[in-house]
Structures are given as C-alpha cells and as structure tokens.
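1. here's my sequence, what's the structure:
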Amino acid sequence: MLRDRGYAMPNSEIELSLQGFRAIQGQNPDLERLRISMTFRSDPLKRILVIFCGPGVVKVNVIRSIASQIVNKDTLSGFLLIVQNHVTSQAMKAVDLFPFKADIFQITDLLVNITKHVLKPKHRILTDQEKRRLLKKYNIEEKQLPRILRKDAIARYYGLEKGQVVKVTYGGGEITEGLGYGMRSDNFR
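-> Residues are numbered from 1 along each chain as shown. Got it, this is the predicted structure:
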C-alpha cells in the first residue's frame, strides 16, 4: 500500500515472504520493531509513519502515548495506525487532532491487496496536468465530476485527498470519478 501511495519502499520489504518475515521477526513480533518510516519518492521531505498497535482496544491514552513518541512532527505528512481491535470514539477524536493526515486500518483489512482483486476495476490517480486536460476536454468544472466517498475502500487504500481525480477502468471502458472531501459532512452518505 505504501508503494502504491508513492512512498519509496525497498523491494526486499515488498517481496518478503511470511516465512522470511517470521525468520526475522519471530512468531510474536515486537510491535516497536515493526514501525516503518518512509519518504515520498518524488518529495523526500514528505514522510509517513506506520505504527502497529497491540491486540487491546485502542483508547485515548494509547493515542496520546503514540503522539508523545513521534519525533520530528514537522516533517511528518502522514500517519498510518494499524490496529487489531476497535478504536474508541475518544481515541478517534484524539487522532483527528494530529497536525498531519492520519489513517487507521484494521490489520484484517490489509491481509489482501484490494487493488489486485479480479472484480475490482483498475484505479489510477490523475496528475494535476491530466486533471486540467480532462476538465478542459469535457468543458466541465471539478464539482461536476462524480464523487468517491471518504470511506470507500479504494479512497482509503490510496489515501486520496480532496480535489484528486481518479480514472477508473472497468474491463475495456473508462469512467472518471472525482473526490469531494471538504464538503459539509451531511453531504456524505
């Protein structure tokens, strides 16, 4: 997922088998050793931090503890929290206070790469230049594009932001969807 988001992931990490992972980390890996910090390929100043939580319920004190451990918050542009249990509503509010984008995933959501499923259409994020060409070609404004919900699995997987446009290819045809984050929350279904 990090590579698909544009972060510089080494091939050795991507190609590591489960047996290889267990040979390095053991049967019960230390969650501190699983922390990952990666830089964006096209902008080395853009950095993401991935933290794994234990099997317990994630409460606000866990989020505060994580926040106090994060160094160089100024250079951090993203944060992924991988949890094994549910996150309390107070913990979610604490996550929303981070000065950078924070995504929370259940570990079971990451067992299968949804972009590789045969029934899932191909999604590609358009560059700003491609987006301008698309809007000019069809003589439309950005607000006229269909929207993807914030909670859509693909939007979450790619970490899509407001204003990004995604090209969706179904079989042989194409449909283009836009993102409309930042609208009033009552507009989301």
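2. next, the most centrally placed residue in the chain: phi, psi?
-> Against the mean C-alpha coordinate of the chain, by C-alpha atoms, centre = their mean, the closest residue is G159 at 3.6 Å. Main-chain dihedrals, G159, degrees, to the nearest 10: phi 70, psi 40.
3. which one is it nearest to, not counting chain neighbours?
-> Nearest residue to G159, sequence neighbours excluded (C-beta to C-beta, 6 or more residues apart in numbering): R5, at 5.4 Å. All C-beta atoms are positioned from the backbone trio N, CA, C, and that covers glycine.
4. SS state for the residue with the largest distance to the centre of the chain?
-> Centroid-distance maximum for the chain: N139 at 31.1 Å, with C-alpha atoms, centre = their mean. Assigned state for N139: coil (three-state reduction, DSSP: H, G, I helix; E, B strand; the rest coil).
5. now it. Its backbone dihedrals?
-> The phi/psi pair for N139 (degrees, to the nearest 10) is phi 50, psi 50.
6. swap in L111?
-> phi -70, psi -30.
7. and it, what pLDDT?
-> On the pLDDT scale, L111 is placed at 86.
8. R47 now?
-> For R47, pLDDT reads 89.
9. V57 now?
-> V57 is given a pLDDT of 93.
10. burial count for it?
-> V57: 14 surrounding residues under other C-beta atoms under 10 Å.
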